[in-house]
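S.K.: Mind looking at a prediction? Sequence and model below.
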Amino acid sequence: MGHTLAEKVWNSHVVRRGDGDEPDLLYIDLHLVHEVTSPQAFDGLRQAGRRVRRTDLTVATEDHNVPTVDIQLPIADPVSRTQVETLRKNCAEFGVPLYQMGHDEQGIVHVIGPQLGLTQPGMTVVCGDSHTSTHGAFGAMAFGIGTSEVEHVLATQTLPLRPFKTMAINVSGSLRPGVTAKDIILAVIAKIGTGGGQGYVLEYRGSAIEALSMEARMTICNMSIEAGARAGLIAPDETTFAYLKGRKHAPRGADWDAAVEAWKQLRTDDDAVFDHEVHLDADQLTPYVTWGTNPGQGLPLSEKVPDPEQIADENERSAAEKALSYMDLEPGTPLREIHVDTVFLGSCTNGRIEDLRAAADVLRGRKVASGVRMLVVPGSMRVREAAESEGLHEVFLSAGAEWRSAGCSMCLGMNPDQLKPGERSASTSNRNFEGRQGKGGRTHLVSPLVAAATAVRGTLSSPEDLPAGSGTTAADLD
Amino acid sequence: MEPFTKHTGVGVPLRRSNVDTDQIIPAVYLKRVSKTGFEDGLFAAWRQDEQFVLNQEPYRHGSVLVAGPDFGTGSSREHAVWALSNYGFRAVVSSRFADIFRGNAGKQGLLAAQCEQHDVEQLWKLLETEPGTEVTVDLRERLVTAKDFTAPFGIDDYTRWRLLEGLDDIALTLRHADAIDSFEASRPVWKPATTLA
């Protein structure tokens, strides 16, 4: 019997097979580090007198705490500043390369890895951050780890792990205009639930996936963790190779040819069997939004806020009741009538250049509704630079949005970019948990297109809802 | 890590599913650079509500948390485990744990005991009708007991062994340093390095 892509990547990284129920010891090709989940790990190394085994397979950046305005000034919050300074000290002491605030390559850890060409097919990639699944878009086995595991990888460049089960997410057909990768993944999570992927690695496949750009594939793999799966991946193809060619850390010359030859083998064999399969028809999809407090609580934008009374499962009903109470929503309200105060465009899910382009196309010649604030936070300083060279920042600024520097920002509000209690956002990020974007804040997860249209109308909207005349019209989208 | 064999303490019923790590400890509490002091952030938003279970006697002194399915979803933050441990919890009982949370718990000596949902429901009823009931989690026997209530719990053999022995993962791995050396020698030359030329 053949092997799935995930099994192939796994098998090629086994340093030592575990005996009986002992886990395998897996080699890690790339370890990404940031300021929040690493200080205690470096401290552990120090206490045990250990060093970083492979500084050349480790790279750090500052993203979670960094302010997105006045980045040339010291960080105002003393606790955030200490955490960032601790990372700088640790990287200097242990010899780990670091892209710090102000550096051209600084940005969200999951945006800079691919951008630098460090994320490549068939690799194992880890980071003390659950959205490490993003890198699976390249056919890499990439997953988030806790701080104890960060210390373990720093010390040994390996991790003891038991193999995941495999699940195929088959997305057939093709997306209609105005429907995006974000809508695919929100629909997948709504279908299998936030626990549906627990213990699995997901492989996204099918015609709708193959047609996606690398950035769109990253959006999908990024949210695998929201379905409970530690990792999600997509087989590499010509799109992948074209994205990587010429990037700073991509192989060159004869090395490139050897690498591509190896990467072409990274496909699930025809006779391989998945432990579970899920099917989705891309032609049926429309823009998706979440109404509740976990990413599985989502519906097409054309629907209404659900009525908990109609939910048969007791736990799900109780979760829906609690979610609607927190979100301050009435069952039966059309989702399109929900007003927002804030629109957040950014994050490791949707903070790349294509996301910014899509939103700018909607906003061009239009204004953000009065009473709505829109934050545009590029995922990296390189994305910011690219957007400025295309004039996108001017589109955002003339629409009345704020144009910021790179970081995680309002995705989780560890920096000053937060919702106030009771405020409601349409956000291109990945989690609508209670208080995630600021204490008491309410989050609706959306695509960049829905975010931009929502900013213009002030209520959850898609570009189709906007009057023609300016911006990318409904006619353009058809 | 301190060995874990058996623990008895007040059980705390948390009737919620999908208790994500942002609820266990919100991001604003993640800025410390130590592993201690995170108890302040534990369930920070919910603890503002006087009715919240940890604000009630005798639950506030609890050390065995009994929660709904999909406990610990979301972020990889090990701070969630530290917050529970720093507060005084030694075990969490749930019918389903998020993978990363379960792994983190195992590294820190917090027992993640997986029970059937109907057993969780029964335990909730007992803890609610008789507040202060002590729950025993016995890792050797893989049993949760409280008064007349007894239920088995699942945990993989390897994590159980490490918890019982209180073993350090890194030291275990370094026993295989030779295997790591020879694996490294066989890696393709074109694999990327993070160092800038």
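M.R.: Structure's in. What do you need?
S.K.: for chain B, what's the longest strand?
M.R.: Among the elements of type strand in chain B, defined by DSSP state E, the one spanning the most residues is strand B:6-14.
S.K.: meant to ask about chain A, not that
M.R.: strand A:165-172.
S.K.: so what secondary structure elements neighbour the next helix or strand after that one?
M.R.: The element immediately downstream of strand A:165-172 (helix or strand, assigned by DSSP states H and E) is helix A:181-192. Packed against helix A:181-192, as judged by 3 or more Cβ pairs under 8 Å, 6 or more residues apart in numbering or on different chains; DSSP states H and E, are the following elements: helix A:214-222, strand A:276-281, strand A:288-290, strand A:298-300. Backbone N, C-alpha and C define where each C-beta goes, glycine included.
S.K.: counting contacts, what elements does whatever helix or strand comes next after the first one pack onto?
M.R.: Meaning helix A:214-222. Toward the C-terminus, helix A:214-222 is succeeded by strand A:231-233 as the next helix or strand (DSSP H and E). Taking 3+ Cβ pairs under 8 Å, 6+ apart as the contact definition, the neighbouring helices and strands of strand A:231-233 are helix A:5-11, strand A:141-144, strand A:200-205, helix A:214-222.
S.K.: Give the partner strands of the shortest one in its sheet and their orientations.
M.R.: The pairing partners recorded for strand A:141-144 under DSSP bridges are strand A:124-127 (parallel).
S.K.: Could you export the helix or strand containing residue A:84 as CSV, CA atoms only?
M.R.: Element membership for residue A:84, per DSSP H and E: helix A:78-94. What follows is helix A:78-94, C-alpha atoms only, in CSV (Å, rounded to 0.1, in the frame of the first residue of the first chain):
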residue,chain,number,x,y,z
PRO,A,78,7.3,47.9,30.1
VAL,A,79,6.3,44.2,30.2
SER,A,80,6.1,43.9,26.4
ARG,A,81,9.5,45.7,26.2
THR,A,82,11.1,43.3,28.7
GLN,A,83,9.8,40.3,26.7
VAL,A,84,11.3,41.7,23.4
GLU,A,85,14.5,42.6,25.1
THR,A,86,14.8,39.2,26.6
LEU,A,87,14.5,37.6,23.1
ARG,A,88,17.3,39.9,21.9
LYS,A,89,19.5,38.9,24.8
ASN,A,90,18.8,35.2,24.4
CYS,A,91,19.5,35.3,20.6
ALA,A,92,22.8,37.1,21.2
GLU,A,93,23.8,34.8,24.0
PHE,A,94,22.9,31.6,22.1
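S.K.: quick one: contacts for the residue most central in space within chain B?
M.R.: Central residue check for chain B by Cα atoms, centre = their mean: the C-alpha nearest the mean position is that of residue B:105, 3.9 Å away. With contacts taken as Cβ atoms under 8 Å, 6 or more residues apart in numbering or on different chains, residue B:105 has the following neighbours: B:72, B:81, B:92, B:97, B:111, B:112.
S.K.: again, 10 Å this time
M.R.: The contact partners of residue B:105, by Cβ atoms under 10 Å, 6 or more residues apart in numbering or on different chains, come to A:146, B:71-72, B:78, B:80-81, B:84-85, B:91-92, B:97, B:111-113, B:159, B:163.
S.K.: got it, and residue A:388?
M.R.: Residue A:388 makes contact with A:378, A:394, A:403, according to Cβ under 10 Å, 6+ apart.
S.K.: Helix or strand with the lowest mean pLDDT in chain A?
M.R.: In chain A, no helix or strand scores lower on mean pLDDT, DSSP states H and E than helix A:474-477, which sits at a mean of 43.
S.K.: which residues of the chain score low on pLDDT?
M.R.: Looking at chain A here, since you left the chain open. A:469-478 (pLDDT under 70).
S.K.: wrong one, I was asking about chain B
M.R.: In the prediction, chain B carries residues with pLDDT under 70 at positions B:197.
S.K.: Show me what the longest helix seen in it is in contact with.
M.R.: The single longest helix within chain B, with elements called by DSSP state H, is helix B:117-129. Outside of helix B:117-129, the residues within contact range by Cβ under 10 Å, 6+ apart are A:314-315, B:10-15, B:17, B:53, B:59, B:62, B:64, B:66-69, B:93-96, B:114-116, B:133-135, B:144-153.
S.K.: Can you flag the buried ones in the contacts of residue B:105?
M.R.: If you count burial by 16 or more other Cβ atoms under 10 Å in any protein chain shown, the buried members of these come out as A:146, B:71-72, B:78, B:80-81, B:84-85, B:91-92, B:97, B:111-113, B:159, B:163.
S.K.: Among those, which one sits closest to residue B:196?
M.R.: The closest of those to residue B:196 turns out to be residue A:146 (Cβ to Cβ; 29.0 Å).
S.K.: quick one, phi psi at the closest one?
M.R.: Backbone geometry at residue A:146, expressed as degrees, to the nearest 10, gives phi -80, psi 180.
S.K.: gap between the residue nearest to residue A:404 when sequence neighbours are not counted and residue A:417?
M.R.: Spatial nearest neighbour of residue A:404, chain neighbours left out: residue A:68 (3.7 Å); criterion: Cβ to Cβ, 6 or more residues apart in numbering or on different chains. Noted for residue A:68: a distance of 6 Å to residue A:417, by Cβ to Cβ, to the nearest Å.
S.K.: what do those two both touch?
M.R.: With Cβ under 10 Å, 6+ apart applied, the overlap between the contact sets of residue A:68 and residue A:417 consists of A:346, A:375, A:377, A:402, A:404, A:407, A:408, A:409, A:410.
S.K.: Include secondary structure and neighbour count when you put the residues you listed into TSV, please.
M.R.: Output for those, formatted as TSV (DSSP: H, G, I helix; E, B strand; the rest coil; neighbours: other Cβ atoms under 10 Å in any protein chain shown):
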residue	secondary structure	neighbour count
A:346	coil	32
A:375	strand	21
A:377	coil	28
A:402	strand	15
A:404	coil	22
A:407	coil	31
A:408	coil	32
A:409	helix	32
A:410	helix	30
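S.K.: what about residue A:467, how many neighbours?
M.R.: Number of residues near residue A:467 (other Cβ atoms under 10 Å in any protein chain shown) recorded here: 11.
S.K.: That one contacts residue A:456, doesn't it?
M.R.: Yes. Look at residue A:467 against residue A:456 with Cβ atoms under 10 Å: they come within range, at 9.5 Å.
S.K.: Spell out which residues are contacts of both of those two.
M.R.: Taking Cβ under 10 Å, 6+ apart as the contact rule, residue A:467 and residue A:456 both touch residue A:366.
S.K.: and residue B:101, what does it touch?
M.R.: With contacts defined as Cβ under 10 Å, 6+ apart, the neighbours of residue B:101 are A:146, B:19-21, B:24, B:70-78, B:80-81, B:84, B:92, B:94, B:110, B:112.
S.K.: Next, check those residues against the strands and list the overlap.
M.R.: When DSSP E defines the strands, the subset of the contacts of residue B:101 inside them is B:92, B:94, B:112.
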